[in-house]
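Novice: next come a sequence and a model predicted from it.
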Amino acid sequence: MKFSLGIAMSPLEQLPELAKTAEECGFSGIALPDSLFYMQEQAAKYPYTPDGSRFWGPETPWVDPLIGATAMAAATSSIQFYTNVLKLGSRNPLLLARQVGSVAALSGDRFGFGVGIGWAPEEFEWCGVPYARRGARVDEMIEVIRLVLGGGMVEFHGEFFDFGPLQMSPAPKRPVPFYIGGHTEPALRRAARVGDGWCSAMMKYKDICKTIGKLTALRAEYGRTDQSFEIQVVCIDRFGRSGYSELAAAGVTDTIVVPWVFDGLGFDADLAAKQESLHRFAEQFIADPIGVPA
């Protein structure tokens, strides 16, 4: 099982050095979250906390994940980057295709595109995009972005997006993997149908196991069980060698961790202290790889 570093809510000036240290320590990737803005009042509940409240505030730092990935890629040579997840619904697919293609090129094809719809009506409406029918719109956006990133002259004529022949160059040298986020039935179906993997938000182990079971059944329904498929999770109740072994046995391929939190440090902790946490975690769990229990 692989380990990715979650860099959510870290000061932006720390990101290149954290990426360098994570690469030195043997982390396989860096997971970049997405938040467009903090609205003073929210029209919908945040779906990943028990009471629907957000666990960050208006001053919490967030980097645009595509810009963050590019900056960290420039400071590293082998570690992978992926969005976990970029809120697709409020954005334009052609502009995103240009951005994703640029990140892929500048990183040496070390980028994976984790996408979700987005939970906040304000992010849609204030960016000039309707909140209604967002799921169908995102399905078409994924189709558009994949088409354009495939290279060559392409055109598209759909319900939401329509354009004549165009080409964006350079195209990625190898296909950018699409990881689909979300816990709902439509999100899981989307992941099983078109994704190269699935990304979780914060989940308990028992819910992760249930979800992996659903994804396995859905992938069989869509005839995709013979294709590779990543399971990237943020588990909130399994830690240590035994806990990570349980996750591996359940089918998790990549666990996203924030080692300094395990050491009692805040997201705004000193860079050197965070780097010490990364080294300590790597010595415990990466230098001696986690296996599946017998």
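Specialist: That came in fine, so what should we check first?
Novice: show me where the stretch 51-200 of the chain has its helices.
Specialist: 65-74, 93-107, 121-125, 134-149, 185-194 (DSSP state H, counting those that start in this stretch).
Novice: and of these, who's closest to Phe156?
Specialist: helix 134-149 (5.5 Å; Cβ to Cβ). Using the backbone N, CA and C atoms, a C-beta is placed for each residue, glycine as well.
Novice: who are the packing partners of the closest one?
Specialist: Secondary-structure packing of helix 134-149 (3 or more Cβ pairs under 8 Å, 6 or more residues apart in numbering; DSSP states H and E): helix 93-107, strand 111-116, strand 154-157, helix 185-194.
Novice: can you show me the CA trace of the last one as PDB?
Specialist: The C-alpha coordinates for helix 185-194 follow below in PDB (Å, rounded to 0.1, in the frame of the first residue of the first chain):
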ATOM      1  CA  GLU A 185     -24.600   6.400  -5.100                       C
ATOM      2  CA  PRO A 186     -24.300   8.600  -8.300                       C
ATOM      3  CA  ALA A 187     -20.700   9.400  -7.400                       C
ATOM      4  CA  LEU A 188     -19.700   5.800  -6.900                       C
ATOM      5  CA  ARG A 189     -21.400   4.900 -10.200                       C
ATOM      6  CA  ARG A 190     -19.400   7.600 -11.900                       C
ATOM      7  CA  ALA A 191     -16.200   6.300 -10.400                       C
ATOM      8  CA  ALA A 192     -17.000   2.700 -11.500                       C
ATOM      9  CA  ARG A 193     -18.100   3.800 -15.000                       C
ATOM     10  CA  VAL A 194     -15.400   6.300 -16.000                       C
END
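Novice: off-centre distance for that helix?
Specialist: Mean C-alpha position of helix 185-194 versus that of the full chain (Cα atoms, centre = their mean, to the nearest Å) differs by 15 Å.
Novice: which of the helices and strands packed on helix 134-149 sits closest to Gly68?
Specialist: Comparing those by Cβ to Cβ, helix 93-107 comes nearest, at 9.7 Å.
Novice: roughly how far out does the closest one sit from the chain middle?
Specialist: For helix 93-107, the distance to the chain centre is 15 Å (Cα atoms, centre = their mean).
Novice: and the angle for it with strand 111-116?
Specialist: Put simply, helix 93-107 runs at 150 degrees to strand 111-116, going by axes from the mean of the first three to the mean of the last three Cα atoms, to 10 degrees.
Novice: buried residues, helix 93-107. List them.
Specialist: Pro93, Leu94, Leu96, Ala97, Gln99, Val100, Gly101, Ser102, Val103, Ala104, Ala105, Ser107 (16 or more other Cβ atoms under 10 Å).
Novice: on that earlier part again, with distance to Phe229 and mean pLDDT as new columns, can the helices and strands packed on helix 134-149 be given to me in a markdown table?
Specialist: As requested, the helices and strands packed on helix 134-149 are exported to a markdown table (distance: least, Cβ to Cβ, whole Å; pLDDT from 0 to 100):
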| stretch | distance to Phe229 | mean pLDDT |
| --- | --- | --- |
| helix 93-107 | 20 | 98 |
| strand 111-116 | 13 | 98 |
| strand 154-157 | 26 | 98 |
| helix 185-194 | 8 | 98 |
